[in-house]
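>>> Here you go, sequence then predicted model.
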Amino acid sequence: MEVRDVDPEEANHVKVNSASIYAYTLIYLGHHKKAKQVIHDALENIGDSDHASIAVMLNSLGLAEEGPNGSEIDALKWYSRSLSRRRQMSVIKPENLVIPLCHIADLASKKPQKYELAMKYLNEARDIMKKKCWIHIHSATIQYTFGVVKLRM
């Protein structure tokens, strides 16, 4: 993609956002390998920055790793990295923690000995949304994940 008549930093910001959205779409179309490549390329392009899309891309890498030929261990690693980055900004927007908290809880609940850990993450997500507002798309994600975790119990 070539962008002209725009500040190079702003153009890079748009490219990274576009790559993040493209990769997310690829994951849900079942193209996990291509999604991982798009994300890795975008992360390499932005380097060590505070770009807001990095946390989203790290979470998307977790989703891609949960796909075929992926690794739950690697998925957990990416979700944890996403959560860590989001915690740095959670004072401003704590609801951004909810999605990786739910993903980590879902993965943890697949092992019976990790049930308590899964519930810890889910309860944190629930508490965030209770303070914020239950009328939010994240609330549905929390309730769905509670159901999945309870069924595995």
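Right, received. Where do you want to start? Numbers count the residues shown, from 1 in each chain.
>>> Can you tell me what sits against stretch 66-77?
Applying C-beta atoms under 8 Å, 6 or more residues apart in numbering, the contact partners of stretch 66-77 are 27, 30, 32-33, 61-65, 103-104, 107-108, 110. All C-beta atoms are positioned from the backbone trio N, CA, C, and that covers glycine.
>>> Please compute how far that stretch lies from its chain's middle.
Offset of stretch 66-77 from its chain centre (C-alpha atoms, centre = their mean, to the nearest Å): 13 Å.
>>> can I have that stretch written out in CSV, keeping just the CAs?
Extracted C-alpha coordinates of stretch 66-77, given in CSV (Å, rounded to 0.1, in the frame of the first residue of the first chain):
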residue,chain,number,x,y,z
GLU,A,66,-6.1,-21.6,18.8
GLY,A,67,-6.9,-22.6,15.2
PRO,A,68,-5.8,-25.7,13.3
ASN,A,69,-2.2,-26.7,13.7
GLY,A,70,-1.8,-24.1,16.5
SER,A,71,-0.6,-24.4,20.0
GLU,A,72,-2.7,-23.6,23.1
ILE,A,73,0.5,-22.8,25.0
ASP,A,74,1.4,-20.2,22.3
ALA,A,75,-2.1,-18.9,22.4
LEU,A,76,-1.9,-18.4,26.1
LYS,A,77,1.4,-16.6,25.7
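>>> can you pull the buried residues of that stretch?
66, 67, 70, 75, 76 (16 or more other C-beta atoms under 10 Å).
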